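Trainee: what would the 3D arrangement of this be:
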Amino acid sequence: MFVRHTDSPGEPLMPRTVTLRPARALAIAASGALAVATLASCAGDSDDDATASPTTGPATATATAAAEPATVTWDHPSVEGYVLSEEPPTETVVQLENTDLACIYQLTHEVIPDAGIDDSTYTDTAIDNATSALGEVTETEREDSAIPSDAGALAAREVTLSARSGSQELDVKMLLRASSADQVLVGIVHICPTGTLDEAGWDAFVAGTTLHGTTATTF
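Mentor: Model prediction:
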């Protein structure tokens, strides 16, 4: 989808045509990366455990199979210019799009196994695996943050990335938390063309969001 600018004679030309396609492509890739990220980390941990103690693997598998993942839903604020996507990447993603700005918000959750590690390590491992799966990205910042939830502030990691989708350079914000107790990876993602991501808008969106169904708070 394109926003075309028609300039009358004598007016300066717009520097570029804004398209939502690169952000959508990266959003699809991000959803896929998050879906496999924690599985990859768990598989690696299981291999290590199996080497250290042959009895650990089956016991963990039994406990994981018996547990029920949390049923997760999101409330999110209304943001001017953003509309709900009718074709999100997966059924576990709520996606909001702004055609004029070529920006996207995602609220996502994926079922994950209990990897037998603390949530702080699990979250960082999931972030590392997800960014690796995205390909041409550079992490510029990672810091502690929180996702508002009905159980309280859910400790999380906020990551800032520079990415590329085709010929388009993009800025990405990801706020993620892996919760072993709830067996879910939850996150908020924001994607915009480089230099156009509104930090204040991102902060306001996160603050106005509420996650329902989880029980964890601190790492």
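Trainee: what residues does residue 108 make contact with?
Mentor: 31, 34, 92-94, 186-189 (C-beta atoms under 8 Å, 6 or more residues apart in numbering). Bear in mind the C-beta positions are built from the backbone N, C-alpha and C, glycine included.
Trainee: one more: residue 104?
Mentor: Going by C-beta under 8 Å, 6+ apart, residue 104 touches 20, 23-24, 27, 85, 95-98, 189-192.
Trainee: switch the cut-off to 10 Å
Mentor: 20, 23-24, 26-27, 30, 82, 85, 88, 95-98, 170, 172, 189-192 (C-beta atoms under 10 Å, 6 or more residues apart in numbering).
Trainee: okay, and the beta partners of it?
Mentor: Under DSSP bridges, the beta-bridge partners of residue 104 are residue 97, residue 191.
Trainee: got it, and the one 5 residues further on?
Mentor: According to DSSP bridges, the residues that bridge with residue 109 are residue 186.
Trainee: tally up the residues packed near it, please.
Mentor: 24 (other C-beta atoms under 10 Å).
Trainee: and it, what does it touch?
Mentor: So residue 109 contacts 34, 69-74, 92-94, 179, 182, 184-187, 211, 213-214 (C-beta under 10 Å, 6+ apart).
Trainee: contacts for whichever strand or helix holds residue 211, please.
Mentor: Here residue 211 sits within strand 210-212, counting by DSSP states H and E. Identification of contacts with strand 210-212 by C-beta under 10 Å, 6+ apart yields 70-77, 107, 109, 147-151, 154, 156, 177, 184, 186-188.
Trainee: all strands for the protein, in order.
Mentor: 2-3, 18-19, 73-75, 83-84, 93-98, 103-111, 137-149, 152-165, 168-179, 184-193, 210-212 (DSSP state E).
Trainee: to residue 128, which of these lies closest?
Mentor: strand 137-149 (8.9 Å; C-beta to C-beta).
Trainee: which helices and strands does that closest one pack with?
Mentor: When contacts are defined as 3 or more C-beta pairs under 10 Å, 6 or more residues apart in numbering; DSSP states H and E, strand 137-149 packs onto helix 21-52, strand 73-75, helix 119-134, strand 152-165, strand 168-179, strand 184-193, helix 199-207, strand 210-212.
Trainee: tabulate those (TSV), appending mean neighbour count.
Mentor: Putting the helices and strands packed on strand 137-149 into TSV (neighbours: other C-beta atoms under 10 Å) gives the following:
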stretch	mean neighbour count
helix 21-52	18
strand 73-75	15
helix 119-134	20
strand 152-165	19
strand 168-179	24
strand 184-193	25
helix 199-207	15
strand 210-212	17
